[in-house]
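[1] need coordinates for the below:
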Amino acid sequence: MIGILIVAHGSLADSLVECVTHVLGQRPQGLATLDFIGHADPDERQKALQARLDELDEGDGILVFTDMYGATPSNTLCRVLEPARIEGITGVNLPMLLKALNYRETLALPQLVARIVEGGRNSINHISETMCHAATGR
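    I've put the predicted structure just below:
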């Protein structure tokens, strides 16, 4: 199973896991978080990231989500990326995370990454009257 790690500012990663747990009815296995709170030594953050990766590694790869490209979570991840083994996606949102959890046992890591990026883009919509009518009937 592909491990999934969310690395984000503040408590965003933990909040996303709470949302996923609510939607799915239980916390998924092989899902971990690393919250970057305040200012910490970059080497300490790197060690914490590596420890989480080691915990999740079951041999099928690890997908790491970060909140924002160019910020500390993604910059820290950039030091350890290994194509097809440790992959990263930035801009994490709930639909992307749910898609990753649903497909991580049936797709290889590179294909999973492609599906999630496409799904993440498609999950961003302007809520129009037509969409509301389709969803609620009003």
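
[2] need phi/psi at the closest residue to Ala71 other than its chain neighbours.
    Once flanking residues are discounted, Ala71 sits nearest to His9: 6.9 Å by C-beta to C-beta, 6 or more residues apart in numbering. C-beta coordinates here come from the backbone N, C-alpha and C atoms, glycine included. Main-chain dihedrals, His9, degrees, to the nearest 10: phi -70, psi 150.

[3] same deal with Arg79?
    Torsion angles, degrees, to the nearest 10, at Arg79: phi -70, psi -20.

[4] separation between Ala13 and Gln50?
    Distance of Ala13 to Gln50, given as C-beta to C-beta, to the nearest Å: 16 Å.

[5] the more surrounded of those two?
    The neighbour comparison of Ala13 against Gln50 (other C-beta atoms under 10 Å) goes to Ala13, with 24 against 13.

[6] hang on, isn't that one packed against Val20?
    No. Using C-beta atoms under 8 Å, Ala13 is not in contact with Val20, being 10.9 Å away.

[7] can you tell me how far Thr106 is from Ala48?
    Thr106 is 30 Å from Ala48, by C-beta to C-beta.

[8] between those two, who's got more neighbours?
    Ala48 (16 against 8).

[9] tell me what the residue most central in space within the chain is bridged to.
    Central residue of the chain (C-alpha atoms, centre = their mean): Phe65, 3.2 Å from the mean position. Judged by DSSP bridges, the bridge partners of Phe65 are Ile6, Ile89.

[10] contacting residues for it?
    The contact partners of Phe65, by C-beta atoms under 8 Å, 6 or more residues apart in numbering, come to 4-8, 88-90, 92, 96-97, 100.

[11] who wins for neighbours among these?
    For those, neighbours were counted using other C-beta under 10 Å, and Val7 has the most, 28 neighbours in all.
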